[in-house]
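A.B. asks: predicted model and sequence follow; I will ask about them next.
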Amino acid sequence: MNTPAEMLAVFPESPPPDLARTLDLGGYRWKAVSGADDVARNEPAAGWAGAVVACDTDPDGAWALCRALRKRDVPVAPLLLLVGGGQIGELALRDDLYDDFCLTPFHPVELEARLRHQLWRGGARVKPDVVEYSDLALNVETYQASIQGRPLDLTYMEYELLKFLAQNPGKVFTREVLLSRVWGYEYYGGARTVDVHIRRLRAKLGEEHQNLIQTVRSVGYRFGQSRWG
């Protein structure tokens, strides 16, 4: 299996939690750096698959970094900028320095969609085939699942429910939200459907791992713990 390439996230300080969460849930491998020196020092052997550069806090420094990334022997692309609404005019005559931009504060769904589209255009393979959490692994292409290397015999909906939960660790979902996000709005079954599938999943995960799916009293269900505290 191909090793997914690594994305570059450039911020003067630590990346905001919303960006880290978006990249993590999107399945991207990424590394945060604060400047040009860190770009070269931390570069993986296969090179960078692309970059997200914050242009809203230090515009002059960000544009200088974009020029440096484009002038490399192998330019970094695609390059997506995060800009404030008042910076739209600064994009003029700089089309060669970036591939796309997203306004801040950004909506995670929009940012992930823009990243996915740019990386698809460039042919980069940055999304892994596997969703992993602790001892659980879910192959999103083959619909196979395993826990500690032990294959899990899941139905289609059991797999879809487990995948959705594993992609959102630590977040609490009501039964109604799970019905709409996993089964779809056209599904007219009751909330008991969720309870039945959760019970089956816990049984198949086994006694040692059944607590990966936790019941939140009077609310719904939560998978594991948040990776962002």
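C.D. replies: Okay, I see it.
A.B. asks: so Val76 is in which element?
C.D. replies: Counting by DSSP states H and E, no helix or strand carries Val76.
A.B. asks: count of residues packed around it?
C.D. replies: 21 (other CB atoms under 10 Å). For the C-beta atoms, the positions are set from N, CA and C on the backbone; glycine is no exception.
A.B. asks: name the nearest residue to it, sequence neighbours excluded.
C.D. replies: Leu69 (4.1 Å; CB to CB, 6 or more residues apart in numbering).
A.B. asks: need the three-state assignment for the one you found.
C.D. replies: Secondary structure assignment for Leu69 (DSSP: H, G, I helix; E, B strand; the rest coil): helix.
A.B. asks: return the residues in contact with it.
C.D. replies: Val39, Ala51, Val53, Pro75, Val76, Leu79 (CB atoms under 8 Å, 6 or more residues apart in numbering).
A.B. asks: cool, Gly206 as well?
C.D. replies: Ile147.
A.B. asks: gap between it and Ile147?
C.D. replies: 7 Å (CB to CB, to the nearest Å).
A.B. asks: break the protein into its domains for me.
C.D. replies: 6-122, 130-223 (automatic domain parsing).
A.B. asks: rank those by pLDDT, which is bottom?
C.D. replies: Note on those: domain 6-122 shows the lowest mean pLDDT, a mean of 86.
A.B. asks: so how far is it from its chain's centroid?
C.D. replies: 15 Å (CA atoms, centre = their mean, to the nearest Å).
A.B. asks: from Leu201, how far off is the most centrally placed residue in the chain?
C.D. replies: With distances taken as CA atoms, centre = their mean, Gly26 lies nearest the centre of the chain, 2.0 Å away. Distance of Gly26 to Leu201, computed by CB to CB: 24 Å.
A.B. asks: dihedrals phi and psi, Ile213?
C.D. replies: phi -100, psi 110 (degrees, to the nearest 10).
A.B. asks: what about Val140, neighbour count?
C.D. replies: Neighbours of Val140 (other CB under 10 Å): 15.
A.B. asks: pretty sure it contacts Lys163?
C.D. replies: Yes. Contact criterion CB atoms under 8 Å: Val140 and Lys163 qualify, at 6.9 Å.
A.B. asks: common neighbours of these two, please.
C.D. replies: Counting by CB under 8 Å, 6+ apart, the residues touching both Val140 and Lys163 are Val131.
A.B. asks: helices or strands up against the helix or strand harbouring His197?
C.D. replies: Per DSSP H and E, His197 falls inside helix 192-205. Packing contacts for helix 192-205, counted by 3 or more CB pairs under 8 Å, 6 or more residues apart in numbering; DSSP states H and E, involve helix 156-166, helix 175-178, strand 213-216, strand 220-223.
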